[in-house]
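Colleague: Sequence first, predicted model second:
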Amino acid sequence: MCGIVGGIGYSVIGIQRALDAMTNRGPDGSGLWREDRVVFGHRRLAILDLTRNGRQPMTDVSGRITITFNGEIYNFRELRKELSSQFNFGTQTDTEVLIAGYLRWGMEGLLRRVRGMFAFGLWDAGIQTLYLARDPFGKKPLYYWQSGTKILFASTMNAILSVLERTPSIDDEALDDYLTYLAVPGEKSIFSGIRKLLPGHYASFCNDQLSLTRYWYLSFASPLDITEEEAIEEVERLLRKGVRRRLVSDVPIGAFLSGGVDSGLVTALMAQESNHPITTLTMGFADHRFDERAFARKVSDVYQTRHHEEVLGEELWRFIPEIVMNTGEPFADSSAIPTYFVAKFAREHVTVALNGDGGDELFAGYTRPLAEAMAIPYRRWFPRVLRDSLGRYVSGKGKLHPRLLNGFKQVLEAGQTSPKEAFVFNRALRPYRQRLYSSAFLHRLGQHHPDDWYHRVWDEADGKTSVDKALYGDTMTYLPDELLPKMDAMTMAHALEARSPLLDVDLAEFVAKLPYTLKIQRLETKALLKKVAERHLPRDVLYRPKKGFNMPMSQWLQTALAKPLRELLLGREAANRGLFQQDKVQAMIQAHQSGKKDYGQQLWSLLMLEIWFQMYVNGNLQVLEHFDSLRHSPVFGGVGL
């Protein structure tokens, strides 16, 4: 796990600045390589082969191939064995296997064989071509900027900006998308011209021409004729294999244990596959509504793990600016805050931590696929006029509780329209665009709408049912756009490597072929994975209401964050941007803080955006002054920007 940077047409001094901007991603060393106009840089977090042999950038013995690589290739030992008849390996690294594999199979052949999380740049001097590649799910980030004969790439936005002579302008469409999705989705970035290489893609830059190729696609087109018991057996076999692959490490390794199904099952299989007691790490909350430590302890007790707990209270919001600085782009998923702190806490005990990311997307853990499964017969049995009437009625009710009622609300809303239209997120500022955005901002957006990205992904899905299309959509949008960037940014802020066994490609490809009726049974989401987990976990850990990892932002924006919210959103800097109608923003704040209406998600999105603007665009670290009164305490003091 590392930070990478490189390009064609940029100076060593610029690449060194980028390396300096990524120290947290690789505190164990750095390296530079240059040949003519090509420069590569690398920051190292040593995980495998801790000797000097593991240093990067790495060049093959012929001098033809040079690579700078971030991530882990979990099947590198199998590939190394296959390649050993043709190559004499000089290290124990997966990096050297990537070079040998490229020379043997070419770029696409290599990428189809590797199993892991990765982003890398590879220079082939023989054909004067730069390749960039990213793993199938987008676990590892990769930004790039291309201008004429020059191209630049890096792991982080901060690194890219430190090389460019001037900060690019804001991409209005990306900003509009952020205000709906809480993160900038797809290949866009918040800055015009800076792009993200999409998951499952590679790029080649040759003769000043950039081309993009998709090498991996998650297909739902051929459902298997399989019994539930056969599916359970194969899911466990593949997941166990995925866990085993991710236990390879030359540094201490542990697991995030939240008390839920996904992390609990990963922990159980990890304990069974390990030859010694494993370390588990749990973040608890003073607010009992969010605290799941009791369930995590039950799993720890069963497998006798070395269990560590930390508790966070409301004082954690004082580090919001520091968290924003590590995201690189505007990001409004409030679960980034506890993720940041659990990673900080975990790094005191381990260097690598396994997690449960991917379980909800692959196994139908969200209410949206469930709602679509229920909407299929609802659309067929009820007349359109009744569905329209019921949908309009519940749409004005806001978010309902308990979660089951909110799920039925989604069914009634989905029944009003097509599955494709029902798939888009109606959250954050999407319903308020026309009345909140300034006329100038709306004019610049033209015909663009945030739904465009989700519609594009829906259209490329090959599932035979609308539920399969929704599952594909979640896996290709919410997961790589929001969840995985959050995990990478928050863990790498503390030089911690996060691994996700549930996102093993072999497992994902098998699960995509299972009928959705095995994943959703009656009103039970993630039914198949829970039946696998029944073999290993207490039932009360599996069958209970899901709490999630979010924060009580609505409450905080009425209390501790009320003053910073007003000062920042109604201040001169925000007004001068001309993005929003300030009187409407003020009315939204007043309604929320008086308790008349809950605008928590909307105001949190605007607050995170304004903090980001002041840091990244204005270069104004005085934004910290708004949080100074919140930052100093005997419990959480001592962490600064």
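Modeller: Looks like it arrived, so ask away.

Colleague: Please list the residues outside stretch 122-135 that contact it.
Modeller: 6, 8, 35, 38, 40, 63-67, 71, 98-99, 102, 107, 111, 116-121, 140, 142, 144, 151, 153, 197-207 (CB atoms under 8 Å, 6 or more residues apart in numbering). To be clear about C-beta, it is placed using only N, CA and C from the backbone, and glycine gets the same treatment.

Colleague: Now with 6 Å, please.
Modeller: 38, 64-67, 107, 117-121, 142, 153, 197, 199, 202-206 (CB atoms under 6 Å, 6 or more residues apart in numbering).

Colleague: swap in stretch 142-154?
Modeller: Contacts to stretch 142-154, defined as CB under 6 Å, 6+ apart, come from residues 5-10, 18, 119, 121, 132, 134, 157, 160, 163, 193-197, 205, 208, 210.

Colleague: out of these, which are inside strands?
Modeller: 5-8, 119, 121, 132, 134, 194-196, 205, 210 (DSSP state E).

Colleague: Quick one: classify the spatially most central residue of the chain as helix, strand or coil.
Modeller: Central residue of the chain (CA atoms, centre = their mean): residue 484, 1.5 Å from the mean position. Of the three states, residue 484 takes helix under DSSP: H, G, I helix; E, B strand; the rest coil.

Colleague: For it, list the residues it contacts.
Modeller: Per CB under 6 Å, 6+ apart, neighbours of residue 484: 138, 139.

Colleague: What separation is there between it and residue 601?
Modeller: 21 Å (CB to CB, to the nearest Å).

Colleague: Ok, residue 25 next?
Modeller: 30 Å.

Colleague: And the two? Which one has more around it.
Modeller: residue 25 (25 against 19; other CB atoms under 10 Å).

Colleague: if you skip the residues just before and after it, what's nearest to that one?
Modeller: Nearest non-adjacent residue to residue 25, counting by CB to CB, 6 or more residues apart in numbering: residue 3, 3.4 Å away.

Colleague: One more: residue 223?
Modeller: With CB to CB, 6+ apart, the residue lying closest to residue 223 is residue 515, at 5.0 Å.

Colleague: my guess is the one you found meets residue 224, correct?
Modeller: No - using CB atoms under 6 Å, residue 515 is not in contact with residue 224; the gap is 7.5 Å.

Colleague: Count the residues that sit near residue 475.
Modeller: 24.

Colleague: Next, it: secondary structure please.
Modeller: The three-state label given to residue 475 by three-state DSSP is helix.

Colleague: wait, doesn't it sit right on residue 360?
Modeller: No - assessed by CB under 6 Å, residue 475 is found out of contact with residue 360, at 9.7 Å.

Colleague: What's the local residue count around the nearest residue to residue 588 once chain neighbours are set aside?
Modeller: Among residues not flanking residue 588 along the chain, residue 599 sits closest, at 5.0 Å (CB to CB, 6+ apart). Each residue near residue 599 was counted by other CB under 10 Å, and the total is 22.

Colleague: With residue 594 instead?
Modeller: Residues near residue 594, counting by other CB under 10 Å: 9.

Colleague: Which per-residue confidence value corresponds to it?
Modeller: What the model reports for residue 594 is a pLDDT of 95.

Colleague: now swap in residue 401 and tell me
Modeller: pLDDT, residue 401: 56.

Colleague: When residue 515 and residue 224 are compared, which one has more neighbours?
Modeller: With neighbours defined as other CB under 10 Å, residue 515 and residue 224 compare such that residue 515 has more, 19 against 14.

Colleague: Okay, the more buried one and residue 382: tell me how far apart.
Modeller: In terms of CB to CB, residue 515 sits 25 Å off from residue 382.

Colleague: which of the contacts of stretch 142-154 count as buried?
Modeller: Among the contacts of stretch 142-154, those buried by neighbour count (16 or more other CB atoms under 10 Å) are 5-8, 10, 18, 119, 121, 132, 134, 157, 160, 163, 194-197, 205.

Colleague: where does residue 282 land in three-state SS?
Modeller: On the basis of three-state DSSP, residue 282 is classed as strand.

Colleague: Please shift the residue numbers so they start at 37 in all later answers.
Modeller: Yes, from this point I'll number from 37; that puts the last item at residue 318.

Colleague: Now it: closest residue in space, sequence neighbours ignored.
Modeller: residue 332 (4.2 Å).

Colleague: Wait, that neighbour touches residue 296, no?
Modeller: No - Residue 332 lies out of contact with residue 296 (CB under 6 Å); the separation is 8.7 Å.

Colleague: in stretch 71-87, what's buried?
Modeller: 74, 75, 76, 77, 78, 79, 80, 81, 82, 83, 84, 85.

Colleague: How many residues are close by the residue nearest to residue 514 when sequence neighbours are not counted?
Modeller: Nearest residue to residue 514, sequence neighbours excluded (CB to CB, 6+ apart): residue 397, at 7.0 Å. For residue 397, the count of nearby residues is 26 (other CB under 10 Å).

Colleague: Repeat that for residue 127.
Modeller: The number of residues near residue 127, taken as other CB under 10 Å, comes to 16.

Colleague: any idea how far it lies from residue 133?
Modeller: Per CB to CB, residue 127 is found 9 Å from residue 133.

Colleague: now do residue 464
Modeller: 43 Å.

Colleague: Also residue 426?
Modeller: For residue 426 relative to residue 133 (CB to CB), the value is 57 Å.

Colleague: In terms of packing, which of residue 464 and residue 133 has more residues around it?
Modeller: For residue 464 versus residue 133, neighbours defined as other CB under 10 Å are more numerous around residue 133 (26 against 19).

Colleague: how near is that one to residue 575?
Modeller: 42 Å.

Colleague: Am I right that residue 308 sits in a helix?
Modeller: Yes - when three-state DSSP is applied, residue 308 is found to be in a helix.

Colleague: Now do it, the pLDDT please.
Modeller: 96.

Colleague: what number of residues lie near it?
Modeller: Considering only other CB under 10 Å, residue 308 is surrounded by 13 other residues.

Colleague: Return the residues in contact with residue 42.
Modeller: Residue 42 neighbours (CB under 6 Å, 6+ apart): 76, 104, 157, 189.

Colleague: Quick check: bridge partners of it?
Modeller: residue 76, residue 189 (DSSP bridges).

Colleague: Against residue 197, how distant is it?
Modeller: Taken as CB to CB, the span from residue 42 to residue 197 is 16 Å.

Colleague: Poorly predicted segments of the stretch 37-186 of the chain, please.
Modeller: For the stretch 37-186 of the chain, residues meeting the criterion pLDDT under 70 lie at 37, 84-86.

Colleague: what are the ranges of the helices in it?
Modeller: 48-56, 112-119, 130-149 (DSSP state H, counting those that start in this stretch).

Colleague: what comes into contact with the last one?
Modeller: Where contact means CB under 6 Å, 6+ apart, the residues beyond helix 130-149 that reach it are 94, 96, 101, 103, 105, 109, 112, 115-116, 119, 123, 125, 167, 238, 251.
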